[in-house]
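K.L.:
Okay, here's the prediction I keep looking at, along with the sequence it came from:
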Amino acid sequence: MLPSNRQSMSLEDHAEELASDLGVDKEEVTRDLENLVNYSVPMDEAKQSLRRKYGDGGSSGDGTPSSKAISEVSTDDSNVTVTAVVLTSGRRSIQYNGEQHVIREGQLADETGKISYTAWDGFSGDLQPGQTVRLGNAGVREWDGQPELNLGDSTDPEVVDETLDIDYEVGGRAALQDLAPGDRGITVEVQVLECEQKVIDGRDGETTILSGVLGDESGRLPFTDWEPHDEIEEGASVRLDETFVREFRGAPSVNVSEFSTVTALDRTVEVTEDAPRMSIREAVESGGLFDVELAGNVIEVRDGSGLIERCPECGRVIQNGQCRSHGAVEGEDDLRTKAILDDGTDTVTAVLDDELTARVYGGDLDDAREHARDAMDKEVVAERISDRIVGREYVVRGSLSVDEYGANLTASTFTEADDDPATRAQALLQEADA
Ligand SMILES: [Zn+2]
């Protein structure tokens with residue numbers, strides 16, 4: 001068949017071709033193929049995986065594939081048999097072929113290591129954390145360069161009475177600071193710091209969700225509750241079982257679903273006052289952090305600082321009365337500072353809102369307007385800010401996002417570092433020298 005024909009082949013065509021090549025039921029192949037494609041597996045890879053599953057190449061009839069230790073499972077394997085302890089297990093509802101399907105995801109471990117798994121709805125096992133299970137004929141696929149187990153209707157699960165000496169804790173109990181996007185079946189005990197209702201366009205029309213901020217002894221993270229639970233309200237201390245973690249604006253976010261259990265705690269979960277302090281390079285390399293403290297010298301105040309104008313419709317900063325989305329608009333005055341912070345390892349742009357800008361400028365919006373009017377130049381506001389902060393060291397706490405717009409730290413606090421004993425000592429020495 002010509003490559004140009006392949007391009008236009010539908011999923012059905014691919015399934016038909018596979019079914020006839022492999023001599024198996026077309027409906028079954030179609031279902032498997034849809035399954036994989038809807039899980040974002042590219043078509044070619046999906047077909048290869050099914051050729052392996054249905055034993056293309058004369059290897060069919062071998063029975064169960066050989067048993068492997070988890071550390072030996074590689075992306076070159078097509079099917080393996082493993083005996084492992086279920087560490088975590090979280091359900092998730094996904095949609096394909098117009099239907100809702102519940103999949104189960106988590107991690108398994110044996111004496112040699114751990115591995116992630118996805119159990120499709122055809123899988124007949126139960127997978128309770130703590131159970132030791134023997135999984136015959138588990139599929140292997142590659143995810144992010146790592147092997148992962150794919151458990152489906154051809155996988156043979158068996159709970160075995162065996163104790164494995166594993167190095168990992170069973171259950172998904174975690175501190176907020178240790179969570180990473182992709183974590184499943186997670187349990188956290190937290191205090192709800194902020195919580196608001198939002199109406200969004202969901203799969204089935206408008207639906208109400210909750211979103212806000214959670215805190216514990218280790219840190220703070222944003223959350224979304226897709227199936228609002230009454231126990232989640234501002235100030236409440238709760239235990240959240242079976243949550244999963246996704247990336248939201250470059251930082252991990254806790255997701256509460258219809259499968260999560262929310263339990264009100266009869267104690268108050270203490271929340272740390274501090275944000276983790278790290279080098280700018282370390283923070284930027286993390287890809288984004290919800291709450292972090294960085295310190296460095298302000299080396300420049302960027303364009304778009306000082307007395308600026310925003311579009312009244314969308315809030316974007318406008319130039320010459322023109323909004324990129326709304327054309328000619330009557331701009332609204334505002335104060336903002338974009339300061340480049342450098343600690344010798346890397347740089348970020350600290351973005352200060354109107355209140356923090358008023359503090360570094362030494363005046364409010366009315367003062368800035370008057371200042372600009374007197375000078376007949378708006379730039380005087382940014383110039384004064386620059387004179388006051390460039391060359392000085394600051395400690396900045398805020399939310400870091402790293403994307404195509406660069407590394408931006410939306411500041412919640414912006415404090416000169418002269419409280420730092422080392423800086424003060426250095427200043428004293430310089431005075432002594434003078
Ligand atoms: Zn606009």
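P.N.:
Structure received. From a predicted model like this one, the values you see are computed outputs, not experimental measurements.
K.L.:
Can you name the residues that contact the residue in the stretch 101-250 of the chain positioned nearest to the ion?
P.N.:
Using C-beta to the ion, the closest approach of the stretch 101-250 of the chain to the ion is made by R249 at 20.6 Å. Bear in mind the C-beta positions are built from the backbone N, C-alpha and C, glycine included. Contact analysis of R249 by C-beta atoms under 8 Å, 6 or more residues apart in numbering lists G288, S399, S401.
K.L.:
Can you give me the distance of the residue nearest to the second one when sequence neighbours are not counted to the ion?
P.N.:
Translated: S399. Leaving out its chain neighbours, the residue that sits closest to S399 by C-beta to C-beta, 6 or more residues apart in numbering is T410, at 4.9 Å. Look at T410 and the ion: by C-beta to the ion, to the nearest Å, they are 20 Å apart.
K.L.:
ok, T410 - how many residues close by?
P.N.:
Neighbours of T410 under the rule other C-beta atoms under 10 Å: 15.
K.L.:
Parallel or antiparallel, which strands does the helix or strand it falls within pair with?
P.N.:
T410 is part of strand 406-416 when elements are defined by DSSP states H and E. Its sheet considered, strand 406-416 pairs with strand 347-352 (parallel), strand 393-403 (antiparallel) by DSSP bridges.
K.L.:
Could you write out the alpha-carbon coordinates of the last one in CSV?
P.N.:
Included here for strand 393-403 are C-alpha records, laid out as CSV according to Å, rounded to 0.1, in the frame of the first residue of the first chain:
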residue,chain,number,x,y,z
GLU,A,393,19.4,42.7,46.8
TYR,A,394,15.9,41.4,47.4
VAL,A,395,14.2,38.4,48.8
VAL,A,396,11.1,37.7,46.7
ARG,A,397,8.3,35.2,47.5
GLY,A,398,5.7,34.2,45.0
SER,A,399,4.5,31.8,42.3
LEU,A,400,6.9,30.9,39.6
SER,A,401,5.8,29.9,36.0
VAL,A,402,8.2,28.8,33.3
ASP,A,403,6.9,28.9,29.8
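K.L.:
which of the residues in it are buried?
P.N.:
E393, Y394, V395, V396, R397, G398, S399, L400, S401, V402 (16 or more other C-beta atoms under 10 Å).
K.L.:
Go through those and name the one nearest the ion.
P.N.:
S401 (20.9 Å).
K.L.:
okay, the spatially most central residue of the chain: pLDDT?
P.N.:
Nearest to the mean C-alpha position of the chain, counting by C-alpha atoms, centre = their mean, stands E247 at 1.5 Å. pLDDT, E247: 86.
K.L.:
count of residues packed around the residue nearest to it when sequence neighbours are not counted?
P.N.:
Distance criterion C-beta to C-beta, 6+ apart; nearest residue to E247, sequence neighbours excluded, is P181 at 4.1 Å. Neighbour count for P181, taken as other C-beta under 10 Å: 15.
K.L.:
If anything else comes up later, I'll come back, but that's it for now.
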